[in-house]
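**Q** Got a predicted structure plus its sequence, pasted below:
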Amino acid sequence: MSSHPLEINERNEAGQIIATYICSSNPASNNSKDVKAPLSRVDVVLPPNPKSLLQRFIDIFLPSGYPRSVSEDYLCHHTSSISHIPSLQPSSHPTPAQHTLTFPPSPTGVGVGDPTTTPTTALLLTIAQETLSRLSTIIFATRWGPSIAPECKRYRFLADIFNDCAMLLECLSPRLPVRGMRVAVLCAASVGKALCGVVAGGAKASLSAHFAVRGDVGELSAVDAGQETVVGLVGMLAGSLIVPHVTSTPAIWSLLILLLIIHLGTNYLAVRSVSMRSINRQRANILLSTMIDTTGKGVLSPQQVSAHERIFEKDGLLRWHTDVPLGVYCRIGGSLNEVLGYVRRAAKSSSSVVNIDIQTLFLNIFVKEKYILYFDHKSAMIFIVLKKEADTIDQLKAWTQALLLAKAYAKQDQEERKANANTEIGGGDQGPTSYSSDLQDSLTRTCELFVTHDVEGRLRRGGWDLSVQALETSSGSRVDVVG
């Protein structure tokens with residue numbers, strides 16, 4: 001290990017330094033009696049002028065990585081047009097026949113026909129519904145907004161579920177005996193519609209960009225609006241013909257549930273039919289594991305991968321092909337401080353030191369790569385910290401190495417893993433030398449696959465879009481080595 005301190009800057013998506021890590025040799029590690037002393041000491045230096053509470057609040061309403069992630073005219077346009085922004089409306093509407101069926105019970109749920117209901121009560125209910133729906137929109141967009149584009153198929157179908165559940169809650173509200181329960185159910189329905197609006201809007205934008213091969217997104221959106229208008233008109237006419245003949249409550253509920261099932265079923269088939277060209281986590285598992293088995297020769301097309309893709313998949317789960325979970329999760333684009341936290345916790349719970357130090361990761365193993373990788377066996381988590389220059393190919397290399405490590409981990413006997421759970425930190429009970437060897441071997445296999453077999457060229461010729469970085473599903477950070 002180098003005797004000179006290693007300085008690492010961590011930056012957010014806007015390029016601002018959020019932390020500086022100074023790694024140096026730990027004198028305690030030379031003391032043979034101190035078996036729990038880490039191999040290196042890491043001092044974390046936070047920036048002197050952190051953002052104020054007001055700036056953090058404003059960041060909630062700005063895209064991740066602002067201002068670098070948008071064009072220069074973004075703020076001017078949105079500032080000028082803020083007074084004209086319409087209320088969020090669901091972009092994923094059920095058929096008008098469903099709305100027609102849900103209309104009769106809805107006014108009853110808000111108090112129509114109840115002599116004890118006053119205008120003030122109705123006003124307070126409206127305020128509560130609007131407040132909760134708008135707050136849920138802000139919270140959802142802040143927490144899950146970055147993952148909508150990489151997982152647009154999942155969120156597009158999830159928008160339908162939100163909307164249909166909200167509709168069922170509205171129909172259910174008049175049947176509840178207590179007014180407080182009716183208010184709670186109606187507020188939950190408003191939240192569901194609001195979530196449908198933000199989710200469907202984000203997913204539809206990503207799907208429109210995917211469908212517009214020539215880049216004519218504006219024309220495509222206008223045509224889609226025309227199609228929705230025609231479908232809505234036909235559905236309204238059909239509902240007008242059906243509703244007069246459906247008068248009993250059981251018949252209304254039976255027909256409503258049938259229409260909801262048809263709505264979700266057809267939308268599920270529609271989402272399944274989409275073959276995205278970007279490589280997200282699930283598609284990377286299918287695509288890269290096949291390439292590893294065929295030594296880089298078998299590159300699946302987007303259509304072939306889409307046939308095996310799940311609509312709902314556990315975030316970060318590493319699978320071999322489509323049906324073999326490896327029992328390991330991977331987080332890419334996370335903070336270096338998160339990795340250090342796992343190293344510290346593992347060191348405290350172990351009877352011997354077998355962890356690998358940060359200087360070894362940066363200066364020895366991953367010095368030529370644009371990422372570093374850390375595998376915590378005890379939690380079955382692989383952490384990938386991206387360097388500042390990392391692009392889509394570098395992220396795919398990191399994910400490939402994670403798959404190789406997870407595959408080797410899955411081959412271990414389950415009882416042996418349990419027996420070694422209390423002694424593993426980062427690399428198991430074989431010590432840091434063995435762990436470094438495992439990392440180096442998996443990295444060597446990954447580099448051979450990408451360089452020798454021209455993975456980048458094969459992916460481009462196979463129809464994959466490598467300009468979109470879809471492996472990250474949250475606002476991430478980047479690190480760069482200063483010295």
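**A** Looks like it arrived, so ask away. Numbering: from 1, shown residues only.

**Q** From here on, just use CA atoms for contacts and neighbour counts.
**A** OK.

**Q** in stretch 370-383, what's buried?
**A** Residues of stretch 370-383 classed as buried: 370-378, 381-383 (neighbour count, 16 or more other C-alpha atoms under 10 Å).

**Q** Let me see the contact set for residue 154.
**A** Residues in contact with residue 154 (C-alpha atoms under 8 Å, 6 or more residues apart in numbering) are 311-312.

**Q** measure it to residue 313 for me?
**A** Taken as C-alpha to C-alpha, to the nearest Å, the spacing of residue 154 relative to residue 313 amounts to 9 Å.

**Q** got it, and residue 477?
**A** Residue 477 sits at a distance of 24 Å from residue 313 (criterion: C-alpha to C-alpha).

**Q** got it, and residue 46?
**A** 36 Å.

**Q** Is residue 378 located within a strand, as I assumed?
**A** No - residue assignment for residue 378, taken from DSSP: H, G, I helix; E, B strand; the rest coil, gives coil, which places it outside any strand.

**Q** Check the gap between it and residue 409 for me.
**A** Plainly put, residue 378 is 11 Å away from residue 409 if you go by C-alpha to C-alpha.

**Q** Who are the packing partners of the longest helix anywhere in the chain?
**A** Longest helix in the chain by number of residues, with DSSP state H as the criterion: helix 179-211. Judged by 3 or more C-alpha pairs under 8 Å, 6 or more residues apart in numbering; DSSP states H and E, the packing partners of helix 179-211 are helix 119-144, helix 152-172, helix 217-242.

**Q** How about it, which residues are buried there?
**A** 182-211.

**Q** Assign residue 24 to helix, strand or coil.
**A** The three-state assignment at residue 24 reads strand, by three-state DSSP.

**Q** Surely it touches residue 44?
**A** No - taking contacts as C-alpha atoms under 8 Å, residue 24 lies outside contact range of residue 44: 11.7 Å.

**Q** of those two, who's got more company?
**A** Using other C-alpha atoms under 10 Å, the more surrounded residue of residue 24 and residue 44 is residue 24, with 21 against 15.

**Q** any idea how far the residue nearest to that one when sequence neighbours are not counted is from residue 386?
**A** Taking C-alpha to C-alpha, 6 or more residues apart in numbering, and ignoring the residues beside it in sequence, residue 24 has residue 5 as its nearest neighbour in space, at 4.6 Å. Computed with C-alpha to C-alpha, the distance linking residue 5 and residue 386 is 21 Å.

**Q** ok, these two, which is more surrounded?
**A** Each of residue 5 and residue 386 has its neighbours counted (other C-alpha under 10 Å); residue 386 has more, 27 against 16.

**Q** Assumed the more buried one was part of a strand.
**A** Yes - Residue 386 forms part of a strand when assessed by three-state DSSP.

**Q** The closest residue to it other than its chain neighbours and residue 57: what is the separation?
**A** With C-alpha to C-alpha, 6+ apart as the criterion, residue 386 has its nearest non-adjacent residue at 4.3 Å, and that residue is residue 371. Per C-alpha to C-alpha, residue 371 is found 31 Å from residue 57.

**Q** and if you look at residue 338?
**A** If you measure residue 338 against residue 57 using C-alpha to C-alpha, the figure is 24 Å.

**Q** same deal with residue 196?
**A** Using C-alpha to C-alpha, which is the criterion applied here, residue 196 is 24 Å from residue 57.

**Q** got it, and residue 473?
**A** Note on residue 473: its distance to residue 57, by C-alpha to C-alpha, is 21 Å.

**Q** neighbour count winner among the two?
**A** Set residue 473 next to residue 57 and count neighbours by other C-alpha under 10 Å: residue 473 wins out with 22 against 11.

**Q** That one reaches residue 143, doesn't it?
**A** No - shown here, residue 473 and residue 143 do not form a contact pair, counting by C-alpha under 8 Å, at 10.2 Å.

**Q** quick one: pLDDT of the residue lying closest to residue 19 once chain neighbours are set aside?
**A** For residue 19, ignoring the flanking residues on the chain, the nearest one in space by C-alpha to C-alpha, 6+ apart is residue 46 at 4.8 Å. Among the per-residue scores, residue 46 shows a pLDDT of 79.

**Q** show me what contacts residue 46?
**A** For residue 46, the contacting residues are 18-20, by C-alpha under 8 Å, 6+ apart.

**Q** Now do it against residue 170, distance only.
**A** From residue 46 over to residue 170 (counting by C-alpha to C-alpha), the distance is 49 Å.

**Q** ok, now residue 279?
**A** Taking C-alpha to C-alpha as the measure, residue 279 and residue 170 are separated by 39 Å.

**Q** Equivalent analysis for residue 271, please.
**A** According to C-alpha to C-alpha, residue 271 stands 26 Å off from residue 170.

**Q** So for those two, which residue has more residues nearby?
**A** More neighbours sit around residue 170 than around the other of residue 271 and residue 170, counting by other C-alpha under 10 Å; the figures are 26 against 17.

**Q** just checking, that one touches residue 185?
**A** Yes - counting by C-alpha under 8 Å, a contact exists between residue 170 and residue 185, whose distance comes to 7.2 Å.

**Q** circling back to that earlier point, can you list phi and psi of the residue nearest to residue 19 for me?
**A** Dihedral angles of residue 46 (phi, psi; degrees, to the nearest 10) stand at phi -90, psi 150.

**Q** Tell me where the chain has strands.
**A** 6-11, 17-25, 40-45, 317-320, 324-332, 371-376, 381-386, 478-481 (DSSP state E).

**Q** just for the stretch 151-300 of the chain, where's the confidence low?
**A** Along the stretch 151-300 of the chain, segments meeting pLDDT under 70 span 215, 296-297.

**Q** could you redo the last one with a cut-off of 80?
**A** Across the stretch 151-300 of the chain, residues meeting the criterion (pLDDT under 80) sit at 213-216, 219, 295-298.

**Q** Quickly note the distance from residue 54 to residue 60.
**A** Residue 54 sits 10 Å away from residue 60, going by C-alpha to C-alpha.

**Q** Who has more neighbours out of the two?
**A** A direct count of neighbours by other C-alpha under 10 Å for residue 54 and residue 60 places residue 60 higher, at 14 against 8.

**Q** I figured that one hits residue 142, correct?
**A** Yes - between residue 60 and residue 142 there is a contact at 6.1 Å, judged by C-alpha under 8 Å.

**Q** about what we covered before: any chance of JSON lines for the contacts of residue 46, columns distance to residue 130 and pLDDT?
**A** As requested, the contacts of residue 46 are exported to JSON lines (distance: C-alpha to C-alpha, whole Å; pLDDT from 0 to 100):
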{"residue": "18", "distance to residue 130": "36", "pLDDT": "82"}
{"residue": "19", "distance to residue 130": "39", "pLDDT": "84"}
{"residue": "20", "distance to residue 130": "43", "pLDDT": "85"}
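
**Q** which one of these has the most neighbours?
**A** Each of the contacts of residue 46 was scored by neighbour count (other C-alpha under 10 Å); the top score is that of residue 20, with 23 neighbours.

**Q** what sits against that one?
**A** The contact partners of residue 20, by C-alpha under 8 Å, 6+ apart, come to 7-10, 44-47.

**Q** so what's it bridging to?
**A** Listed by DSSP bridges, the beta-bridge partners for residue 20 are residue 9, residue 45.
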